[in-house]
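1. Test case, fold it:
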Amino acid sequence: MPTFIHETAIVHPDAVVGEDCYIGPFSTVGAAVRLGNGVRLESHVVVDGDTSIGDETHVFPFASIGLAPQDLKYGGESTRTEIGRRNQIREFVTIHRGTAGGGGLTRIGDRNLLMAQAHVAHDCQLGSDIIMANAATLAGHVEIADRANVGAYSGVHQFCRVGPEAFIGGYSVVVKDAPPYAIIQGNHARCFGLNKVGMKRRGYSQETIDALHHAYRLLLSSKLNTTQAVERIKEEITGVKEVDILVEFIETSNRGVVK
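-> Residues are numbered from 1 along each chain as shown. Predicted coordinates:
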């Protein structure tokens, strides 16, 4: 299918534009940009820097992708932004390229929904099937695992991790690692245990839910410290992949986990 480029759009001749793309009015595409097949940029979208956007990703008006990071240490070095397939990037979203000190790459996976005014700072690493609600903000070097949710107007501190399928409630401030499968909410955020409703909706077995619920009771409700709770979890719950993921997440945390 032919690509449509509006007469008011500015597309650098060195940019690589795939088949069946749409580039709307007043959008600009920089020289080192690569758009996959079926990418749709609505009006007033800016894509610049060494940036790739995967097939069938839809970018809405006034989004800004691949521009220089808001980091005073950034000195104009060559860094990158990679965005996967079938993402929805809504109005006024900002996604900044990486920095040399942070690995040089901001990466976003597939099928994510970034709602209006969300911000992904330099060197963030996002998986797939993530939802960032309106004005959710990630500082630099944040890692978000698959299928996590970050609520509206929430902020995640730099170098924090958000585990798989974690649910961060709206208006939260996350300053430690947010553990997987849990509900995290507040300022500063606290963990309110297993997200049972979310796990049932996503088809987890009752046995898995019960095992994770027991693990979170040991972690949050017992009189054990984190190290002791993890040892008890490993002793009492075996053969459950999701519990193993939780234990590994805690044991590999550099900032500590939200409790």
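2. and the closest residue to residue 14 other than its chain neighbours, what is it in contact with?
-> Nearest-residue entry for residue 14: residue 31, 4.2 Å, with adjacent residues in sequence omitted and distances by Cβ to Cβ, 6 or more residues apart in numbering. For every residue, glycine as well, the C-beta is placed using N, CA and C. Going by Cβ atoms under 8 Å, 6 or more residues apart in numbering, residue 31 touches 12-15.
3. residue boundaries of the helices in the protein?
-> Along the chain, the stretches classed as helices by DSSP state H are 196-201, 206-220, 226-236, 241-251.
4. Can you give me the buried ones in the shortest one?
-> Taking 16 or more other Cβ atoms under 10 Å as the basis for neighbour counts, the residues of helix 196-201 that come out buried are 196, 198-199.
5. Reformat those residues as TSV; add pLDDT and distance to residue 26.
-> Below are the buried residues of helix 196-201 laid out as TSV (pLDDT from 0 to 100; distance: Cβ to Cβ, whole Å):
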residue	pLDDT	distance to residue 26
196	95	47
198	93	40
199	95	44
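6. hey, where'd the strands end up in the stretch 101-250 of the chain?
-> Ranges of strands within the stretch 101-250 of the chain are 105-108, 113-114, 119-120, 125-126, 131-132, 137-138, 143-144, 149-150, 155-156, 161-162, 167-168, 173-174, 182-186, 189-194, based on DSSP state E, counting those that start in this stretch.
7. Could you export those strands to TSV, including columns for mean pLDDT and distance to residue 75?
-> Listed next are those as TSV, based on pLDDT from 0 to 100; distance: least, Cβ to Cβ, whole Å:
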stretch	mean pLDDT	distance to residue 75
strand 105-108	98	17
strand 113-114	99	28
strand 119-120	98	21
strand 125-126	98	22
strand 131-132	98	29
strand 137-138	98	22
strand 143-144	98	24
strand 149-150	98	30
strand 155-156	98	25
strand 161-162	98	27
strand 167-168	98	33
strand 173-174	98	29
strand 182-186	98	35
strand 189-194	97	33
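8. And those: which comes nearest residue 246?
-> For those, proximity to residue 246 was assessed by Cβ to Cβ; strand 182-186 is nearest, at 8.6 Å.
9. Check what contacts that closest one and list those residues.
-> 151, 163, 166-170, 172-174, 178, 190-195, 216, 258.
10. Show the backbone phi and psi for the closest residue to residue 12 other than its chain neighbours.
-> For residue 12, ignoring the flanking residues on the chain, the nearest one in space by Cβ to Cβ, 6+ apart is residue 31 at 4.1 Å. The phi/psi pair for residue 31 (degrees, to the nearest 10) reads phi -70, psi -30.
11. So what's the gap between the helix or strand of the chain with the lowest mean pLDDT and the chain middle?
-> Here the helix or strand of the chain ranked lowest by mean pLDDT, DSSP states H and E is helix 196-201, holding a mean of 94. Its chain's average C-alpha position is 20 Å from that of helix 196-201, according to Cα atoms, centre = their mean, to the nearest Å.
12. can you pull the buried residues of stretch 227-234?
-> 229-230, 232-233.
13. Determine the number of other residues adjacent to residue 14.
-> 10 (other Cβ atoms under 10 Å).
14. Cheers, nothing more for now.
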